[in-house]
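In: next comes the sequence, and after it the predicted model I'd like to discuss.
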Amino acid sequence: FSIVVFVPLVGGVLFYLIYQAFGYDGISILFALFGAGGALALFLTLQGITRATAVNLVLVFLASAIISLRWPTRPEVLGPFFISILLFFLTSFHRRWAQWLLPLLFWLWAVTYGSSVFLGIIILALCLLVTRQWNIRSVLIFSISLLASFGNGYGWRSFFYIFSIPKIATHVGEWLPMTVALNPQNPGVALFYQYPALVWGLFILLFAVTVALSVRKTLRIVWTQRFFAVLSLSILAPIFAVRFINLSPILALPFFAVCLHASGKKTQRVVILFLLALALFASSVRFKTSYFGLGLDANMFPIKSVRFLEEHDVTGNIFSNQEIGGFLAWRLPNSRIFVDTRDDLYLGSDMFKDLTMLNNGSMDILRLLGKYKAAIIVGDVSFEAYRPLFYYDNWRLVYLANNSFVVVRADLAKQYALDSLNAI
């Protein structure tokens, strides 16, 4: 491989090697370890600030429960992981080892998930500015860290990747502002985010109450912990994009811990009880709405439908939703897949506009399939746009399992001798 091709794929190569050695269970365990490692780094960060072990454990438990509401099995989770480690390094910034390890941290971040490393650079710059730690050594460390962030094979293009996607929120629900995501006019998105939004809102309420109850000491706290006070404003980040719901508790937690530690013992006990209750509620939401366990979730990935296509050696142009496009491309390499989650490849294209229209109900599925010459549909039974396929003579429902189904063109069903299902 040339360095331009190889370096940004370090994360992907790591995941692939884990999969080759341990299968899907290995990937599940790896991502759980990222979560556990981030939680440990967050706990050590709080310990470096307050030394209130019991309180810090409760806070980390709550933060972990909220973070888990958005913990997809993809490199995105490395963002919260590295941010937690960065906060630990910054609380140890008076130690030289922490200072000189920062460039290495940023390089590892860049080559595993480079599109979020700019957040770390912003946090580091904010820390040095707010705490007035600019000196020759800190400027040198910041400069090396910034250069290391570009060492991903794509340079500044990866660093500023997030800013190169115009108007992505109009297409992808996770980038919507919280107020728009909860709009009842878009019921599918609103139902998906209603419980995470409730948990996040209650977390903000507890944070605000804790700060208010320590009001007598707040001004002194804000000054002595001014970096974490400024950083805690990130608790509002999901207002701008619901995707950041897993970052807001991480960035707000250090100042939360400081204010809770400064409040009276009676106040602490009451707040801790509410924190535990919210953590348990958030955990129940997580287990209710998301898959828990090792390996692939058969309700999320069309495992049996893909196996059906493999067993019958059916190939052709496949239409599916974005979420499973990459899975289909990997498992069915001899077929052409309509779309996957790499939005930057499709934004601005007629194809992506048509897909957006299908999702919002203004495009007929039959018209879209004809336009792009799709022969096979691997779909989810909950998506109403697929309904006309079950009543149209030119299409045959040939497989149904869990939430997934396979519909093929009538001529393809005849070619591969696939039996039609006449009822659902």
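Out: Yep, it's here.

In: for stretch 252-272, measure first residue to last.
Out: Length of stretch 252-272, first residue to last, Cα to Cα, to the nearest Å: 16 Å.

In: what sits up against that stretch?
Out: For stretch 252-272, contacts defined as Cβ atoms under 8 Å, 6 or more residues apart in numbering pick out 42, 45-46, 49-50, 52, 55-56, 58-60, 63, 87, 91, 206-207, 209-211, 213-214, 217-218, 221, 225, 228-229, 231-232, 234-235. For every residue, glycine as well, the C-beta is placed using N, CA and C.

In: now stretch 29-49
Out: 15, 18, 22, 52-53, 56-57, 59-60, 63-64, 67-68, 71, 73, 77-78, 80-81, 83-85, 87-88, 91-92, 225, 228, 250, 253-254, 257-258, 261, 294.

In: select only the buried ones of those residues in PyMOL?
Out: To isolate the buried members of the contacts of stretch 29-49 in PyMOL, using 16 or more other Cβ atoms under 10 Å:
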select buried, resi 15+18+52+56+59+60+63+64+67+68+71+73+77+78+80+81+83+84+85+87+88+91+92+225+228+250+253+254+257+258+261
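
In: so which of the contacts of stretch 29-49 belong to helices?
Out: Judged by DSSP state H, the subset of the contacts of stretch 29-49 located in helices is 15, 18, 22, 53, 56-57, 59-60, 63-64, 67, 78, 80-81, 83-85, 87-88, 91, 228, 250, 253-254, 257-258, 261.

In: sorry, back to before: just the buried ones from the contacts of stretch 252-272?
Out: Buried among these (16+ other Cβ under 10 Å): 42, 45-46, 49-50, 52, 55-56, 58-60, 63, 87, 91, 206-207, 209-211, 213-214, 218, 221, 225, 228-229, 231-232, 234-235.

In: so how far is A410 from the residue lying closest to F338 once chain neighbours are set aside?
Out: With Cβ to Cβ, 6 or more residues apart in numbering as the criterion, F338 has its nearest non-adjacent residue at 4.6 Å, and that residue is F319. According to Cβ to Cβ, to the nearest Å, F319 stands 16 Å off from A410.

In: again with G348
Out: With distances taken as Cβ to Cβ, G348 is found 34 Å from A410.

In: between those two, which one's more packed in?
Out: The neighbour comparison of G348 against A410 (other Cβ atoms under 10 Å) goes to A410, with 13 against 10.

In: which ones are touching that one?
Out: D393, N394, W395, R396.

In: shaky segments in the stretch 201-350 of the chain?
Out: Along the stretch 201-350 of the chain, segments meeting pLDDT under 70 span 215-223, 289-291, 298, 343-345, 347.

In: count the residues that sit near the closest residue in space to Y193 that isn't next to it in sequence.
Out: Excluding the flanking residues, the one nearest Y193 by Cβ to Cβ, 6+ apart is A181, at 4.7 Å. Per other Cβ under 10 Å, the neighbour tally for A181 reads 23.

In: and the pLDDT for A181?
Out: At A181, the model reports a pLDDT of 70.

In: isn't it right next to V242, touching?
Out: Yes. The criterion here is Cβ atoms under 8 Å, and A181 meets it with V242 at 4.9 Å.

In: how about the helices in the stretch 151-300 of the chain?
Out: 156-159, 178-181, 187-213, 215-224, 226-231, 248-262, 265-289 (DSSP state H, counting those that start in this stretch).

In: quick check: buried residues in the longest one?
Out: Looking back up the chat, that one is helix 187-213. 189-190, 192-193, 195-197, 199-200, 202-204, 206-207, 209-211, 213.

In: roughly how far apart are the nearest residue to Y372 once chain neighbours are set aside and G11?
Out: Once flanking residues are discounted, Y372 sits nearest to F338: 6.5 Å by Cβ to Cβ, 6+ apart. F338 sits 26 Å away from G11, going by Cβ to Cβ.

In: so between those two, which is more surrounded?
Out: For F338 and G11, the more surrounded residue by other Cβ under 10 Å is F338, and the numbers stand at 21 against 17.

In: count the residues that sit near G325.
Out: Neighbour tally, G325, other Cβ under 10 Å: 19.

In: actually S420, not the one I wrote
Out: Look at S420: counted by other Cβ under 10 Å, it has 12 neighbours.

In: so it sits against L412, correct?
Out: No. Applying Cβ under 8 Å as the test, S420 and L412 come out as separate, 11.6 Å apart.

In: anything in contact with each of those two?
Out: Listed as contacting both S420 and L412 by Cβ under 8 Å, 6+ apart is no residue at all.

In: how about the contacts made by Q225?
Out: Contacts of Q225 (Cβ under 8 Å, 6+ apart): I49, P254, F255, V258.

In: isn't F227 right up against C127?
Out: Yes. Judged on Cβ under 8 Å, F227 makes contact with C127 at a distance of 5.2 Å.

In: between those two, which contacts overlap?
Out: Contacts common to F227 and C127, judged by Cβ under 8 Å, 6+ apart, are L90.

In: hmm, back to that, what's the spacing between the residue nearest to F338 and G325?
Out: Counting by Cβ to Cβ - F319 and G325 are separated by 10 Å.

In: again with F22
Out: 25 Å.

In: and for L182?
Out: With Cβ to Cβ as the criterion, L182 and G325 are 27 Å apart.

In: now the host helix or strand of A32: average pLDDT?
Out: Counting by DSSP states H and E, the element that carries A32 is helix 10-47. Averaged over helix 10-47, pLDDT sits at 89.

In: just the buried residues of that helix, please?
Out: Under 16+ other Cβ under 10 Å, the buried positions of helix 10-47 are 10-11, 15, 18, 24, 26-28, 30-31, 34-35, 38-39, 41-47.

In: same check, this time on stretch 317-329
Out: Neighbour counts over stretch 317-329 (16+ other Cβ under 10 Å) mark N317, I318, F319, S320, N321, Q322, I324, G325, F327, L328, A329 as buried.
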